[in-house]
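A.B. asks: Sequence and predicted model, in that order:
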Amino acid sequence: MPQRELSVGLAQRAPLHGSNALAELHADVERTLALHPELDMLVYPELHLQGVDHLPNDEQPAALSLMATPLDDPFVARIGEVAAEFGIWLCPGSIGEDDGPDGQYNTQLLFSPYGRLTASYRKMFPWRPFEPHRPGTEFVVAPIDGHGVLGLSNCYDAWFPEHSRHLAWMGADAIINIVKTTSQDRNQELVLARANAIVNQVYMLSVNCAEPVGRGHSIAVDPEGHVLAEAGPGEDTLIVDMDPGHIQRVRARGTAGTNRIWSQFTPEDAPIPLPLYAGHIEPKRWSPHYRGHD
């Protein structure tokens, strides 16, 4: 069945904090959809609902730990109620997930238009030594009914090429990279967004938090590395139409009509050793898992 375009809003906002964070999220979703009623999905930055930037730096890790909650907590259910009320796919950024004896994780959430928690992803590459969370160990992709597949990615993950490559191999049409970059390296992240899009032939949608806390400059990149939209440092909403069919066309004809990276190998090629991973590239398993194929 042909996949339809998905209209995504990247909501570049300053982090929320305090007991009214959910009410403020609800109000922002309502305002944003009033301006952009065509949106199928809204995506907010990393840790958007659990801002601690109003606190001294040495108090922030403890504050994050105190706010961590299990995924079956009513707080999480209430986020889903926002998605259901407005009938949209909603990525509220990430929250601190308390998993009891296993520790705490920086966990990205994705809710369906019916309010169901469709996917959760534990950040695999916490920004150490500054971030107190444990690293997750599982890549996560989420089918979006009739609109293709999204890969979940959290901030520093984008600096590790293995992460985006694996999501693309698992069938992601677009990678949603939620970000909370307050440091001086956002310019480098913009380069990485384009590079990850190019080498994997996927959409890269990277939404950072806005000033005065973050550096802003959210960016949307198409599967050939073209910048579809980029924000400035302040609050903004980027509107992107993600077309899964475009990805298939790019992979069929090649990037710039030339490079077909997912068709590099044939089944007869010998495996390539990867000593770093104590593994290898298996040519028979190189191509992405397109929907309906193994």
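C.D. replies: Arrived safely. Source: prediction; values computed, not measured.

A.B. asks: Tell me who's in contact with the closest residue in space to residue 54 that isn't next to it in sequence.
C.D. replies: Leaving aside its chain neighbours, residue 54 sits nearest to residue 17 (6.0 Å; criterion: Cβ to Cβ, 6 or more residues apart in numbering). For the C-beta atoms, the positions are set from N, CA and C on the backbone; glycine is no exception. Contacts for residue 17 (Cβ atoms under 8 Å, 6 or more residues apart in numbering) come out as 50, 51, 52, 53, 54.

A.B. asks: can you confirm residue 17 is in a helix?
C.D. replies: No: counting by DSSP: H, G, I helix; E, B strand; the rest coil, residue 17 falls outside a helix, being coil.

A.B. asks: Next up, phi/psi of it, please.
C.D. replies: phi -150, psi 160 (degrees, to the nearest 10).

A.B. asks: Report the separation between it and residue 73.
C.D. replies: Residue 17 sits at a distance of 18 Å from residue 73 (criterion: Cβ to Cβ, to the nearest Å).

A.B. asks: Kindly export the lowest-mean-pLDDT helix or strand in the chain (C-alpha atoms) in PDB.
C.D. replies: When each helix and strand of the chain is scored by mean pLDDT, DSSP states H and E, helix 60-67 comes last, with a mean of 88. What follows is helix 60-67, C-alpha atoms only, in PDB (Å, rounded to 0.1, in the frame of the first residue of the first chain):
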ATOM      1  CA  GLN A  60      20.600  20.000  38.100                       C
ATOM      2  CA  PRO A  61      21.500  16.300  38.100                       C
ATOM      3  CA  ALA A  62      19.800  15.700  41.500                       C
ATOM      4  CA  ALA A  63      16.700  17.600  40.300                       C
ATOM      5  CA  LEU A  64      16.500  15.400  37.100                       C
ATOM      6  CA  SER A  65      16.800  12.300  39.300                       C
ATOM      7  CA  LEU A  66      13.900  13.500  41.500                       C
ATOM      8  CA  MET A  67      11.700  14.100  38.500                       C
END
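
A.B. asks: Okay, buried residues for that helix please.
C.D. replies: 60, 61, 63, 64, 67 (16 or more other Cβ atoms under 10 Å).

A.B. asks: between those, which is closest to residue 34?
C.D. replies: residue 67 (29.5 Å; Cβ to Cβ).

A.B. asks: Show the contacting residues for that closest one.
C.D. replies: With Cβ under 8 Å, 6+ apart, residue 67 has these contacts: 50, 52, 95, 96.

A.B. asks: roughly how far apart are the nearest residue to residue 50 once chain neighbours are set aside and residue 194?
C.D. replies: With Cβ to Cβ, 6+ apart as the criterion, residue 50 has its nearest non-adjacent residue at 4.9 Å, and that residue is residue 67. With distances taken as Cβ to Cβ, residue 67 is found 34 Å from residue 194.

A.B. asks: Please, where are all the strands along the stretch 101-250 of the chain?
C.D. replies: Counting by DSSP state E, counting those that start in this stretch, the stretch 101-250 of the chain has strands at residues 104-111, 117-122, 141-144, 148-154, 174-178, 203-207, 219-221, 227-230, 236-242.

A.B. asks: Excluding its own residues, what touches the second one? List them.
C.D. replies: Outside of strand 117-122, the residues within contact range by Cβ under 8 Å, 6+ apart are 71, 76, 80, 97, 105-112, 134-142, 152-154.

A.B. asks: ok, 7 Å please
C.D. replies: Contact with strand 117-122 is made by 71, 76, 80, 97, 105, 107-112, 136, 140, 142, 152, 154, as judged by Cβ atoms under 7 Å, 6 or more residues apart in numbering.

A.B. asks: Could you do the last one as well?
C.D. replies: Strand 236-242 is touched from outside by 5-12, 32, 36, 173-174, 203, 205, 218, 220, 228-229, 231, with contacts defined as Cβ under 7 Å, 6+ apart.

A.B. asks: Tell me which strands it pairs with, and in which orientation.
C.D. replies: In the sheet, strand 236-242 lines up against strand 6-12 (antiparallel) (DSSP bridges).

A.B. asks: Over to the second one?
C.D. replies: Strand 117-122 sits in its sheet next to strand 104-111 (antiparallel), going by DSSP bridges.

A.B. asks: Helix 60-67 and the strand it pairs with, what's the angle between them?
C.D. replies: Angle of strand 104-111 versus helix 60-67, following axes from the mean of the first three to the mean of the last three Cα atoms, to 10 degrees, is 60 degrees.
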